[in-house]
Each structure stands twice: as structure tokens, then as C-alpha cells.
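A.B. asks: coords please:
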Amino acid sequence: MEVKTGYIYHIKDEFFDKINDKGLMINHENGKSRPTYFTIRDKDILWFIPLSSKVSKYQPIIDKKIKKYGDCRSIMIGEIANKKSVILLQNAFPTLEKYIDHIHIINGKPLKVIDTLKHEILSNFYYLLALKQQGTNLFFVDIDKIKEKILEEIIRN
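C.D. replies: Okay, here's the model as predicted:
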């Protein structure tokens, strides 16, 4: 499977079992394979950004951050597959291709985020990574610890 930036994927339970980080979102909810993830390919590492349909839950959080800080880049709301979706950059984490379960399909086609939204997500994600390097960590999971584990896995294989 060729994994591309800007497409939506599902991840295997095996990843969550292996990493065992309480900050990771639950992989299954009500018997469905959730959440779906916006994916960024960075060489051998993939960055997964969870998506949520719970706009009414996250809109007040976004509004509060905008009021306090002037903007909010850790949570976004955008249209994906003709529905408003929450893009939870703060919950992003690195993984490997072998942990992808499948690509998200709608009407027989892989779901791809439109380019304008894709570029906005990428811009905000790289901004959050830059902030982290400068000492301001807005990620909920320990992305360094997870990245270290998956890099060790690459070296072993």
C-alpha cells in the first residue's frame, strides 16, 4: 500500500497495544473503527492526526483558545467528505506504515482531503513541531518517546 500525505487512514489495534500511551485516543468506539486519521508521510515515519465529528464539543475549546491567545492551531475545523470535521493536531503521533489497517473509502474511492485544507493542516502541524523544538509542547502524547520506539523498530528490521 502506498501511503500518501493528505489521505485518511485507520490504524491497527496492535499499534496502541505496543505503544501503550494513555494520551492516545481510543481506537474503537461503539464497534466502529475510529478515529480516522489525516496522514503525513515523513520518510519512513507517518504522522497520524485524529479526526472527530464532535464539532460542538471542540468549537468552544477553539473559541476559548482564540480569545486567550489570538489564534488556535492545535485544533482545527474543516470540511472533509462534505462534513465538518475536527482535526486534532494536539493529538498527533508518529507511527509506521505496518500499523495501518486500511485507507478510508467513501463511494469506492480513497478519501483525500482537499488541497487547501491539506496545506493548512500541514502548516499548523509543522508550526506545532517548531514550537515543541523551542520548548512549548502542545502535543498531548509523548511524541518523542513514541518516535524513539518506532525508530528502534526500523533499525531492528
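
A.B. asks: And the pLDDT for residue 16?
C.D. replies: At residue 16, the pLDDT value in this model is 82.

A.B. asks: which residues does residue 79 contact?
C.D. replies: The contact partners of residue 79, taken as C-beta atoms under 8 Å, 6 or more residues apart in numbering, are 85, 114, 117. Glycine gets a C-beta too; all of them are placed from N, C-alpha and C.

A.B. asks: Please name the nearest non-neighbouring residue to the second one.
C.D. replies: Read it as residue 114. Setting aside the residues directly before and after it, residue 114 is nearest to residue 79 in space (C-beta to C-beta, 6 or more residues apart in numbering), at 7.8 Å.

A.B. asks: do the same with the last one
C.D. replies: In this structure, residue 117 finds its nearest non-sequential neighbour in residue 78, 4.5 Å apart by C-beta to C-beta, 6+ apart.

A.B. asks: and the one you found, which of the three is it?
C.D. replies: Recorded secondary structure, residue 78: strand (DSSP: H, G, I helix; E, B strand; the rest coil).

A.B. asks: about what we covered before: in the contacts of residue 79, which residue is surrounded by the most others?
C.D. replies: Across the contacts of residue 79, neighbour numbers were computed from other C-beta atoms under 10 Å; residue 85 holds the maximum, 23 neighbours.

A.B. asks: Can you report phi and psi for it?
C.D. replies: Per-residue torsions, residue 85: phi -130, psi 150 (degrees, to the nearest 10).

A.B. asks: Need the pLDDT of it.
C.D. replies: Confidence score, pLDDT, at residue 85: 96.

A.B. asks: Only C-alpha atoms, please: export stretch 64-82 in PDB.
C.D. replies: The C-alpha trace of stretch 64-82 is given here as PDB (Å, rounded to 0.1, in the frame of the first residue of the first chain):
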ATOM      1  CA  LYS A  64     -11.600  29.900  24.300                       C
ATOM      2  CA  LYS A  65      -8.000  29.500  22.900                       C
ATOM      3  CA  ILE A  66      -8.600  32.200  20.200                       C
ATOM      4  CA  LYS A  67      -9.900  34.600  22.900                       C
ATOM      5  CA  LYS A  68      -6.900  33.800  25.200                       C
ATOM      6  CA  TYR A  69      -4.100  33.500  22.600                       C
ATOM      7  CA  GLY A  70      -5.400  35.200  19.500                       C
ATOM      8  CA  ASP A  71      -5.500  32.000  17.400                       C
ATOM      9  CA  CYS A  72      -5.700  28.200  17.700                       C
ATOM     10  CA  ARG A  73      -3.500  26.000  15.700                       C
ATOM     11  CA  SER A  74      -3.800  22.800  17.800                       C
ATOM     12  CA  ILE A  75      -7.400  22.100  16.900                       C
ATOM     13  CA  MET A  76      -9.000  22.900  13.500                       C
ATOM     14  CA  ILE A  77     -12.400  22.500  12.000                       C
ATOM     15  CA  GLY A  78     -12.600  21.800   8.300                       C
ATOM     16  CA  GLU A  79     -14.800  20.100   5.700                       C
ATOM     17  CA  ILE A  80     -13.800  16.500   4.900                       C
ATOM     18  CA  ALA A  81     -16.100  14.400   2.700                       C
ATOM     19  CA  ASN A  82     -18.800  17.100   2.800                       C
END
